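> Sequence first, then the predicted structure:
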Amino acid sequence: MTTHTHPEAAILCKCREMILLLNVHLNHFPKHEKYGLCQSIRQAAYDVYALLAECQKALGVPIGNLLSQLYALIYLDPLDHFVKREMKIKKYVRYVDDFILWCDTREQAIERRDTIIGFLTANLALTLSRWTIAPVSRGVNFVGFRTWRKRRFVRKHSLFRFSRSLKACDVPSLNSILGNALRTSSHAHMCRRIRDERPELISQIPSARNRHANP
């Protein structure tokens, strides 16, 4: 994302999640194999949930139903082929139901957006819940980060959550937020705030402790 030249516009899109559990269209699978694949995925998910239910303590991250992410990856596969093979767009990235593509002009971005909307409506019964056309000089707000050619920051909402957790001395939340910000320019800013406002917490937050130990 950060190695391209300077196109003037980018499209950020998010598809509304209208994916039905048993209505996945896999055009390259025969009908009987589609059903079997869906059943296998469901059973695997149920087995994982059963194992987690037997645990005596909370594990992992509370991200909700994993099937929705998996089905989004599968269901939107035709969109990837349409954008790359028919529209011939090289600078395109999708993560689950979020995708971004680079354009040379705003007019080209609008044209491509309309083409994609038409494909989603006609072939996948989907609409865009939101979209943005913006110069890349403003940074790319995608998959939880704001990214420029040489720097990356967490989103403003993450900074708000950090301030709230710091004020409340919520160590688990701070560890989670700093872990997400670890390879961004926001991490140093957060560590400085912990040092200045809540120095007693540094020993309980490994990433902050390591940064202050190795300035």
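Perfect, I can see it now.

> which residues of this structure score low on pLDDT?
Scanning the chain for pLDDT under 70 picks out 1-68, 211-215.

> what's the spacing between Ala109 and Cys103?
Noted for Ala109: a distance of 4 Å to Cys103, by C-beta to C-beta, to the nearest Å. Every residue, glycine included, has its C-beta placed from N, CA and C.

> Could you do Thr121 as well?
Note on Thr121: its distance to Cys103, by C-beta to C-beta, is 21 Å.

> ok, now Val143?
According to C-beta to C-beta, Val143 stands 19 Å off from Cys103.

> ditto for Asn175
Using C-beta to C-beta, we find Asn175 at a distance of 39 Å from Cys103.

> Reduced to three states, what does Thr184 come out as?
With DSSP: H, G, I helix; E, B strand; the rest coil as the basis, Thr184 sits in coil.

> Can you report how many residues neighbour it?
Thr184: 19 surrounding residues under other C-beta atoms under 10 Å.

> Let me see the contact set for it.
By C-beta atoms under 8 Å, 6 or more residues apart in numbering, the residues touching Thr184 are 145, 151-154.

> Quick check: beta-bridge partners of Phe153?
Residues in a beta bridge with Phe153, per DSSP bridges, are Arg146.

> Count residues in the vicinity of it, would you?
Residues near Phe153, counting by other C-beta under 10 Å, number 19.

> Of Thr121 and Cys103, which one has the most company?
A count of neighbours by other C-beta under 10 Å puts Cys103 above the other of Thr121 and Cys103, at 21 against 12.

> Got the phi and psi for the more buried one?
phi -130, psi 160 (degrees, to the nearest 10).

> And it, how far from Ile116?
Distance, Cys103 to Ile116, using C-beta to C-beta: 12 Å.

> before we move on, what about Ile89?
Counting by C-beta to C-beta, the gap from Ile89 to Ile116 is 10 Å.

> for Arg193, same thing?
Distance from Arg193 to Ile116, counting by C-beta to C-beta: 41 Å.

> List the contacts of stretch 163-177.
61, 154, 158, 161-162, 190, 193-194, 197-198, 201, 204-208.

> Could you work out the end-to-end span of that stretch for me?
End-to-end distance of stretch 163-177 (C-alpha to C-alpha, to the nearest Å): 10 Å.

> Any buried residues in that stretch, and which?
165-166, 170, 174-175, 177 (16 or more other C-beta atoms under 10 Å).

> next one: stretch 113-125
Judged by neighbour count using 16+ other C-beta under 10 Å, the buried positions of stretch 113-125 are 113, 116, 119-120, 124.

> Any idea how far apart the tips of that stretch sit?
End-to-end span of stretch 113-125 (C-alpha to C-alpha): 16 Å.

> and what of stretch 177-187?
End-to-end distance for stretch 177-187: 9 Å, by C-alpha to C-alpha.

> which parts of it are buried?
177-178, 180-181, 184, 186-187.

> pretty sure Ser129 belongs to a helix, no?
No - counting by three-state DSSP, Ser129 is not part of a helix but strand.
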